[in-house]
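Visitor: Based on what follows, work out the 3D shape:
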Amino acid sequence: MTGSLRAFFIALLGLLPAMAAAAAGEVVVVPLTGAIGPATADFVGRALTRAADEHAQLVVLTIDTPGGLDVSMRRIIKDILASPVPVASFVAPSGARAASAGTYILYASHLAAMAPGTNLGAATPVNLATPEAAPKEPAAKEKGAKAADSASEASAMARKQLQDASAYIRSLAQLRGRNAPWAERAVREAASLSAEEAVKDHVVDLMADDVRDLLAKVDGREITTASGKHTLATRDATIVTIEPDWRTRFLGVVTDPSVALLLLMAGVYLLIIEFTTPGMMVPGVLGAICLLTGLFALQMLPISYAGLGLVLLGVAFMVAEAFYPTFGSLGIGGVVAFAIGAVMLMDTDVPGFGISPVLIGALAIVSVLFMLVIAGVALRARRQPITTGSEGLVGSVGVALDDIEAEGWVRVHGEQWRVRSAVPLARGQEVRVTARDGLVLAVEPIREPLGT
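Guide: Reported below is the predicted structural model:
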């Protein structure tokens, strides 16, 4: 009996490491690649929520990004700071980078790591001009007081935005105990570092070859999150990778500025087709879907409302030209307004969030062709003879139903009409309607009566 109990306790002790690993929870890997935008922020936020719900012990963001939108970056950082699960940002694989917005996310994470052959930095917001890049006062004076005032205002705004970006990354560095002076250099001077230099300068915590090597190196570390202190047991932890789902892919497509502009234009044109040919239904349904989807995408992007207004004004001018020909003045003005608005539409210079000039030119040409097609259809409709109402009867051909001296009955368009004629008509003789007076038609003979 004693031997059996001893064997039982030995087996139980052997199971304790496995039970501890299971209790510690899995490690969730979330790939963060490409330009950071609304779709990326939504994906990372939902991944962190899922990791918390499943009681994961660590989330690893594998980063390879050239940067992205400020609002999306700040949303990701807020989710990291509020996460009850520790978050490790890992710039990987070799050749990857955490530029611009990626550097901010790296500084905000509880753990920061890099693979060999990677780099980070160049965190100056790309849509800002540094104070040194602003026009100098003597040059401004040469262009007059108005140019000087404009340059001074632009320089002041750039300084404010640059100070805000510097303070933001400095606060993140101080929160995580990382190199704050270099963080400010990354913002102000667009400084960059390799993985080896980043570890040496205490910008990141460690280097690792891959995710499994990273987990082995951080095993046993104590991390403090929004929910308290956590001791990592990651050496043999189960790794679960969360890939972008259909929602993320859909948002990634529609929040591309070029796609959003195409959806907006397609929606407008399809609705125009529906309004000009009522009853088709399909263009109206598709147009409404495209228009609402395009507007949804634009409200998630940093757009210039002046640019959007010019785009819509240009479309309105081109449509007006199709229905109210003004010898091209409205149409040409509409194309110009559309092109200028499309160039101004995106209020950012972040790579991956611009609109190609080729696309703008192609859409302008398509708009002109669409306008010409609508104008041609309208012209043909105007030139067609009237086939309904009182005017539609004039010119119609009928047959006399009996011998007519002055008044009688004629069949026109399958209907019997009372008619007056200046000359006698014989039964079966073809006549043409020349006028209408109430319910009486004026007719004239075309040829001799049939059968004579």
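
Visitor: contacts and neighbour counts: CA atoms only from here.
Guide: Fine.

Visitor: For residue 54, the count of nearby residues, please.
Guide: By the criterion of other Cα atoms under 10 Å, residue 54 has 12 neighbours.

Visitor: wait, what's in contact with it?
Guide: Applying Cα atoms under 8 Å, 6 or more residues apart in numbering to residue 54 gives no contacts.

Visitor: now the residue minimising distance to the centre of the chain: how far from residue 155?
Guide: For the chain, the residue nearest the mean C-alpha position is residue 255 (2.2 Å; Cα atoms, centre = their mean). Between residue 255 and residue 155 the computed distance is 31 Å (Cα to Cα, to the nearest Å).

Visitor: what do you get for residue 72?
Guide: 25 Å.

Visitor: got it, and residue 49?
Guide: Applying Cα to Cα to residue 49 and residue 155 gives a distance of 41 Å.

Visitor: Those two: which is more packed in?
Guide: The neighbour comparison of residue 49 against residue 155 (other Cα under 10 Å) goes to residue 155, with 21 against 15.

Visitor: next helix or strand past the helix or strand in which that one is found?
Guide: According to DSSP states H and E, residue 155 maps onto helix 145-176. As assigned by DSSP H and E, the chain's next helix or strand after helix 145-176 is helix 180-188.

Visitor: now that next one: mean pLDDT?
Guide: The pLDDT scores in helix 180-188 average 93.

Visitor: ok, residues contacting it?
Guide: Here helix 180-188 has contacts from 121-125, 130, 162, 165-167, 169-170, 173-174, 191-192, 203, using Cα under 8 Å, 6+ apart.

Visitor: Sort out which of those are buried, if you could.
Guide: 121-125, 130, 162, 165-167, 169-170, 173, 191-192, 203 (16 or more other Cα atoms under 10 Å).

Visitor: So of those, which two are at opposite extremes in space?
Guide: 130 and 203 (23.6 Å; Cα to Cα).

Visitor: and residue 205, what is it in contact with?
Guide: 111-113, 199.

Visitor: how about low-confidence regions in the stretch 151-300 of the chain?
Guide: The stretch 151-300 of the chain contains residues with pLDDT under 70 at 151-154.

Visitor: One more pass at 50, please.
Guide: Nowhere does the stretch 151-300 of the chain drop to pLDDT under 50.

Visitor: same thing with the stretch 1-150 of the chain?
Guide: Applying pLDDT under 50 to the stretch 1-150 of the chain flags residues 1, 5, 8-9, 11-13, 15-23, 128-143, 147.

Visitor: all strands in it, in order from the N-terminus.
Guide: Counting by DSSP state E, counting those that start in this stretch, the stretch 1-150 of the chain has strands at residues 27-33, 58-64, 87-91, 97-99, 111-114, 119-121.

Visitor: Pick the one among the buried ones among the contacts of helix 180-188 closest to residue 287.
Guide: residue 125 (36.7 Å).

Visitor: That closest one is in contact with residue 99, isn't it?
Guide: No. In this structure, residue 125 is not within contact of residue 99 by Cα atoms under 8 Å, at 10.6 Å.

Visitor: centre of the chain versus whatever helix or strand residue 435 lives in, how much separation?
Guide: Of the helices and strands defined by DSSP H and E, residue 435 is found in strand 430-437. Relative to its parent chain, strand 430-437 has a centroid offset of 62 Å by Cα atoms, centre = their mean, to the nearest Å.

Visitor: partners of residue 419 in the sheet?
Guide: residue 408, residue 441 (DSSP bridges).

Visitor: Verify the contact between it and residue 408 for me.
Guide: Yes. At 5.5 Å, residue 419 counts as touching residue 408 under the criterion of Cα under 8 Å.

Visitor: out of the two, which sits in the more crowded spot?
Guide: Taking neighbours as other Cα under 10 Å, residue 419 and residue 408 compare with residue 419 leading, 23 against 17.

Visitor: can you pull the contacts of the more buried one?
Guide: 407-410, 440-443.

Visitor: Can you select the buried ones from those in ChimeraX?
Guide: To isolate the buried members of the contacts of residue 419 in ChimeraX, using 16+ other Cα under 10 Å:
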select :407,408,409,410,441,442,443
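
Visitor: could the contacts of residue 419 be laid out in TSV, adding pLDDT?
Guide: Formatted as TSV, these follow (pLDDT from 0 to 100):
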residue	pLDDT
407	89
408	90
409	91
410	91
440	87
441	88
442	88
443	89
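
Visitor: possible to save the contacts of residue 419 as a markdown table with distance to residue 38?
Guide: A markdown table is the format used below for the contacts of residue 419 (distance: Cα to Cα, whole Å):
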| residue | distance to residue 38 |
| --- | --- |
| 407 | 80 |
| 408 | 78 |
| 409 | 76 |
| 410 | 73 |
| 440 | 71 |
| 441 | 70 |
| 442 | 72 |
| 443 | 73 |
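
Visitor: from the contacts of residue 419, which is closest to residue 278?
Guide: When the contacts of residue 419 are ranked by distance to residue 278 (Cα to Cα), residue 441 comes first, at 33.6 Å.

Visitor: isn't that closest one right up against residue 431?
Guide: No. Residue 441 is not in contact with residue 431 according to Cα under 8 Å; the separation is 10.9 Å.

Visitor: the helices in the stretch 251-400 of the chain, which residues?
Guide: Ranges of helices in the stretch 251-400 of the chain, per DSSP state H, counting those that start in this stretch, are 257-276, 282-299, 305-323, 329-344, 357-383, 389-393.

Visitor: counting contacts, what elements does the fourth one pack onto?
Guide: Right, the one you point to is helix 329-344. The contact analysis (3 or more Cα pairs under 8 Å, 6 or more residues apart in numbering; DSSP states H and E) places helix 329-344 against helix 305-323, helix 357-383.

Visitor: CA atoms only for it, dumped as PDB, please.
Guide: Output of helix 329-344 as PDB, limited to C-alpha atoms (Å, rounded to 0.1, in the frame of the first residue of the first chain):
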ATOM      1  CA  SER A 329     -18.500  75.200 -69.400                       C
ATOM      2  CA  LEU A 330     -20.000  73.200 -66.700                       C
ATOM      3  CA  GLY A 331     -18.500  69.900 -67.900                       C
ATOM      4  CA  ILE A 332     -14.900  71.300 -68.100                       C
ATOM      5  CA  GLY A 333     -15.300  73.000 -64.700                       C
ATOM      6  CA  GLY A 334     -16.600  69.800 -63.200                       C
ATOM      7  CA  VAL A 335     -13.500  67.800 -64.500                       C
ATOM      8  CA  VAL A 336     -11.100  70.500 -63.100                       C
ATOM      9  CA  ALA A 337     -12.900  70.600 -59.800                       C
ATOM     10  CA  PHE A 338     -12.900  66.800 -59.500                       C
ATOM     11  CA  ALA A 339      -9.200  66.500 -60.400                       C
ATOM     12  CA  ILE A 340      -8.200  69.200 -57.800                       C
ATOM     13  CA  GLY A 341     -10.400  67.700 -55.200                       C
ATOM     14  CA  ALA A 342      -9.000  64.200 -55.700                       C
ATOM     15  CA  VAL A 343      -5.500  65.500 -55.300                       C
ATOM     16  CA  MET A 344      -6.500  67.200 -52.100                       C
END
